[in-house]
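**Q** After the sequence you'll find the predicted model.
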Amino acid sequence: MIHPRVEDMRTAGIVTRGAAAVIDLGVVGLLMGSVYIGSIFVQLLFDPQSFTFRSPAIFLSITAFVSISIGYLTLCWATTGRTVGAITMGVRLVTPRHGLLRWPVAALRAFLCVLFGFGLLWVAVDRRRRSLQDILLRTYVVYDWQPNTGMVDPKPVPGQ
């Protein structure tokens, strides 16, 4: 399969990437809520007599948000190049050779995106629509509605 150069593909703009980020923020919120509810069930399981609803500590909440966000983004980018938001908006994160990010690069990009989210705003002023993280790590977010683009082509089924 011959791919066009990534530089020649249509890169996603600030609106698409911002919408994807908001969707991913919702996914992280659901994951955090699931962790909180899970911890409540564990508390109920081991000590039902002294159960109380505790409000989460702010430091613990921030730590959980950062950890879950970095883990979620790293997992998605290293395995498929797409998060839930990226799937919804029809974009994919790729390397200059149309490949997936390696785990350390995906983790570094996730770390930079979570702690320096303002880097996404650079997409609005960059001629090639790159965030600061994209420039630093040589990644691209391109429009890609095909679920298997960049992956191994499936073998045709005989007789079809």
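**A** Nice, I can see it. Since the structure is predicted, the reported quantities are computational estimates derived from the model, not experimental observations. Numbering: from 1, shown residues only.
**Q** All the helices of this structure, in order from the start?
**A** Taking DSSP state H as the criterion, the chain carries its helices at 14-46, 58-79, 84-89, 103-115, 132-137.
**Q** Look up the pLDDT of the residue most central in space within the chain for me, please.
**A** A centroid search over the chain (Cα atoms, centre = their mean) returns L73, at 3.5 Å, as the residue closest to the centre. Here, the pLDDT recorded for L73 equals 98.
**Q** ok now do it, which residues does it touch?
**A** For L73, the contact set (Cβ atoms under 8 Å, 6 or more residues apart in numbering) comprises 24, 83, 106, 109-110, 113-114. All C-beta atoms are positioned from the backbone trio N, CA, C, and that covers glycine.
**Q** Pull out the buried members of those residues.
**A** 24, 83, 106, 109-110, 113-114 (16 or more other Cβ atoms under 10 Å).
**Q** For T139, give me its contacts.
**A** Neighbours of T139 in contact, by Cβ under 8 Å, 6+ apart: 93-95, 101, 105, 109, 133.
**Q** Which one of the helices of the chain lies nearest to V125?
**A** Checking these against V125 by Cβ to Cβ gives helix 14-46 as the closest, at 9.1 Å.
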